[in-house]
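S.K.: need coordinates for the below:
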Amino acid sequence: MGLRNHTSLRVAVVAESFLPSINGVTNSVLRVISHLQAEGHQPVVIAPGSGPTDVDGVPVIRVKAVDLPRYDDVRIAVPRFRLGSIMKQIRPDIVHAAAPAVLGAAALRYTQRNGIPSVAIFQTDIAGFARRHGLTRLSEPIWSYLSRVHQLADLTLAPSRVSAWSLTTRGCDRVEVWPRGVDLERYHPSKRDARLRRFLAPAGHPIVGYIGRLAREKQVERLAPLAASDEVRVVIVGDGPERSSLESLMPRARFVGFQHGEDLARFHASLDVFCHTGLDETFCQTVQEAMASGVPVVGPSAGGPLELIRHGANGYFWSPEVPETLEGAVLDLAANSALRERFGSAGRRDAERRPWSLILDGLIDTYRSVIDDHGARRRRIRRVA
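M.R.: Numbers count the residues shown, from 1 in each chain. Presented below is the predicted three-dimensional model:
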């Protein structure tokens, strides 16, 4: 018999990135551990570098790490021999490896050697980031390495069909799609703030916004033609290593820095058009948050946005092969308030199909299935032996 639905699970969540760094991996791990705890399970986070050792009652065990040059908030774990003793201390029913690369790879090797069920979450297109940093020749070796890492897991969960295909075509044969959820209460059209809008665009121009990390791979410089336009006002929400150069490039854009919580929700809902510029997103959570906020979206016809944007229904694609389509799509929406309202309403309805509670309940069901399958496979191997 497998583990029944009421059985409490001990889950070791091995996070390649975690607090104090704020990014997509951190945010999804926080969602996972909060839901596990609320449902009566026992999560423990294993994370690189220094930081909090407890998050709302969930223990966080720290592993020595070194900083990545030019990315002070990215830490590369040096697990060595400590990981084995940590796992023996936790005795997990399953290991959840979030964006495994170094620490997660070591954890997955440990699970294979010791017969522990595991799930790997594919979340970061490291190969795409290498291309954006001029390291094109490293792209395929990185993909090869990542596919070998994910093949160590009993199952890999990818956030979109595009990212799942990227893994399966490179030899990772146990992949399923697990999309990201969205907080439908926090990100809501009712958060639209007239006072904030007057601050961002005193003359009443349509407000075009980008929300996210200001790093080279996000290609935020693509907004420069719009920032120079007299037809819209461009707002950049976020921070990162490229901020100063982007401020120099787009002096008319308004940079408001990193925002979180209710403030972030107000910025989302107060936009007229949300625009995403990067091509290497495995899902693109900010697009989904904009949709939940009732804001029409413009994103590339590449990567994760392909799963979220319905061209001509809740937003527009722009073509990476024809970069000027980004400006054209944004200006088309900026000039048509009725179209914006229609797209925004459709986006909200789409987002309502993916509440976090539903997505995370599905993850727990997946844990149980993996544990059952893993146990059955080990029993078959013992019988044959």
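
S.K.: what is the longest helix belonging to the chain packed up against?
M.R.: For the chain, the helix with the greatest residue count under DSSP state H is helix 356-384. With contacts defined as 3 or more C-beta pairs under 8 Å, 6 or more residues apart in numbering; DSSP states H and E, helix 356-384 has these neighbours: helix 24-38, strand 94-98, strand 118-121, strand 155-158. Every C-beta, even on glycine, is put in place using the N, C-alpha and C of the backbone.

S.K.: I'd like those laid out as JSON lines, including distance to residue 324, mean neighbour count and mean pLDDT.
M.R.: Below are the helices and strands packed on helix 356-384 laid out as JSON lines (distance: least, C-beta to C-beta, whole Å; neighbours: other C-beta atoms under 10 Å; pLDDT from 0 to 100):
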{"stretch": "helix 24-38", "distance to residue 324": "29", "mean neighbour count": "20", "mean pLDDT": "97"}
{"stretch": "strand 94-98", "distance to residue 324": "37", "mean neighbour count": "27", "mean pLDDT": "98"}
{"stretch": "strand 118-121", "distance to residue 324": "36", "mean neighbour count": "28", "mean pLDDT": "98"}
{"stretch": "strand 155-158", "distance to residue 324": "31", "mean neighbour count": "24", "mean pLDDT": "98"}
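
S.K.: redo those as CSV? Include distance to residue 184.
M.R.: Shown next, in CSV, are the helices and strands packed on helix 356-384 (distance: least, C-beta to C-beta, whole Å):
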stretch, distance to residue 184
helix 24-38, 13
strand 94-98, 23
strand 118-121, 22
strand 155-158, 22
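
S.K.: nearest to residue 198, out of these?
M.R.: helix 24-38 (29.9 Å; C-beta to C-beta).

S.K.: angle of the following helix or strand past that closest one against strand 94-98?
M.R.: Later in the chain than helix 24-38, the nearest helix or strand by DSSP states H and E is strand 42-48. Strand 42-48 runs at 40 degrees relative to strand 94-98, counting by axes from the mean of the first three to the mean of the last three C-alpha atoms, to 10 degrees.

S.K.: tell me which of the helices and strands packed on helix 356-384 lies nearest to residue 300.
M.R.: Closest approach to residue 300 among these is made by helix 24-38 (16.8 Å; C-beta to C-beta).

S.K.: give me the helices and strands touching the closest one, please.
M.R.: Counting by 3+ C-beta pairs under 8 Å, 6+ apart, helix 24-38 packs on strand 10-15, strand 42-48, strand 58-63, strand 94-98, helix 356-384.

S.K.: what angle separates that helix from strand 58-63?
M.R.: 140 degrees.

S.K.: one step back: and the longest helix of the chain, what's buried?
M.R.: Using 16 or more other C-beta atoms under 10 Å as the test for burial, helix 356-384 gives 356, 359-360, 363-364, 366-371, 374.

S.K.: just stretch 197-213 next, same as before
M.R.: Going by 16+ other C-beta under 10 Å, stretch 197-213 has these buried residues: 197, 200-201, 205-213.

S.K.: in JSON lines, list the helices and strands packed on helix 24-38 along with distance to residue 317.
M.R.: Shown next, in JSON lines, are those (distance: least, C-beta to C-beta, whole Å):
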{"stretch": "strand 10-15", "distance to residue 317": "32"}
{"stretch": "strand 42-48", "distance to residue 317": "36"}
{"stretch": "strand 58-63", "distance to residue 317": "39"}
{"stretch": "strand 94-98", "distance to residue 317": "29"}
{"stretch": "helix 356-384", "distance to residue 317": "24"}
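
S.K.: looking at these, which is nearest to residue 177?
M.R.: Closest among these, using C-beta to C-beta: helix 356-384, at 10.6 Å.

S.K.: list just the one of the helices and strands packed on helix 24-38 that sits closest to residue 163.
M.R.: Shortest distance between residue 163 and the helices and strands packed on helix 24-38, using C-beta to C-beta, is found for strand 94-98: 14.4 Å.

S.K.: okay, now the sheet partners of that closest one, with direction.
M.R.: On the basis of DSSP bridges, the sheet neighbours of strand 94-98 come out as strand 10-15 (parallel), strand 118-121 (parallel).
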